[in-house]
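Enquirer: Could you look at this predicted model? Sequence included:
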Amino acid sequence: MRYLITLLLLCFLTGCNWTASREKKTRELVNEEILSINWEDVDKYPLFEACDETVAKTQQRACFTETFLDHLSNTLQETELVLEGEVNDTVYVDFLMEASGSVSLVAVHGPDNINELVPEFKGHIQQGLDSLPSIKPALKRGIPVKAKFRIPIVLSPQ
């Protein structure tokens with residue numbers, strides 16, 4: 001009987017140790033994997049319906065950028081921006097694409113007096129964003145993620 005109790009006690013103590021060891025090893029593997037991920041880059045860029053998702057990543061980016069810029073450019077041309085004074089400058093516009101595929105205006109970087117030079121500039125940009133066709137979000141390891149991007153807009157009196 002004493003041998004049976006000793007054997008059961010020994011099995012119980014070593015069994016608990018194995019579980020803790022496996023848990024620790026799993027945690028270490030997960031931490032190593034997380035550290036190896038490049039969080040500054042996505043696996044697949046956001047895509048419009050017109051873009052082919054089977055092409056290389058650089059071509060996906062080019063298609064997204066071209067389609068986005070074409071749409072925004074057409075929207076700005078339709079609104080006929082009114083420039084107050086002589087403007088010949090570049091404005092950088094930051095956008096955030098959510099994991100849901102929606103795009104929002106984050107910031108406009110340019111001359112300090114951009115709102116005086118181009119009244120309602122942000123409103124025209126927002127109008128272009130609101131009329132964008134549907135976009136598939138960027139993917140990281142198969143999971144939709146947020147993506148931030150910046151585009152230059154050249155303002156000239158033409």
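Expert: Structure's in. What do you need?
Enquirer: you'd agree Glu98 is up against Lys146?
Expert: Yes. Counting by CB atoms under 8 Å, a contact exists between Glu98 and Lys146, whose distance comes to 5.8 Å. Every C-beta, even on glycine, is put in place using the N, C-alpha and C of the backbone.
Enquirer: what residues are shared contacts of the two?
Expert: Pro137 (CB atoms under 8 Å, 6 or more residues apart in numbering).
Enquirer: now the end-to-end length of stretch 46-59.
Expert: Counting by CA to CA, to the nearest Å, you get 12 Å between the two ends of stretch 46-59.
Enquirer: Which parts of the protein belong to which domain?
Expert: 1-36, 47-155 (automatic domain parsing).
Enquirer: By mean pLDDT, show me the worst of these.
Expert: For the domains of the chain, the weakest mean pLDDT is recorded on domain 1-36, namely a mean of 73.
Enquirer: quick revisit: most packed of the domains of the chain?
Expert: domain 47-155 (a mean of 15; mean count of other CB atoms under 10 Å).
Enquirer: Would you state the strands of the chain in chain order?
Expert: 47-48, 89-97, 103-109, 135-136, 138-140, 143-145, 147-155 (DSSP state E).
Enquirer: Let me have those in JSON lines, adding distance to Arg2 as columns.
Expert: Formatted as JSON lines, those follow (distance: least, CB to CB, whole Å):
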{"stretch": "strand 47-48", "distance to Arg2": "71"}
{"stretch": "strand 89-97", "distance to Arg2": "69"}
{"stretch": "strand 103-109", "distance to Arg2": "72"}
{"stretch": "strand 135-136", "distance to Arg2": "68"}
{"stretch": "strand 138-140", "distance to Arg2": "59"}
{"stretch": "strand 143-145", "distance to Arg2": "56"}
{"stretch": "strand 147-155", "distance to Arg2": "67"}
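Enquirer: For Ser73, find the nearest of those.
Expert: Closest approach to Ser73 among the strands of the chain (CB to CB): strand 147-155, 8.6 Å.
Enquirer: what does that closest one rub up against?
Expert: 42, 45-46, 65, 68-69, 72, 76, 81, 83, 87-97, 106, 110, 117-118, 137-138.
Enquirer: 7 Å - rerun?
Expert: 42, 46, 69, 83, 87, 89-97, 118, 138 (CB atoms under 7 Å, 6 or more residues apart in numbering).
Enquirer: Select, from these, the two members most distant in space.
Expert: Val42 and Leu83 (35.8 Å).
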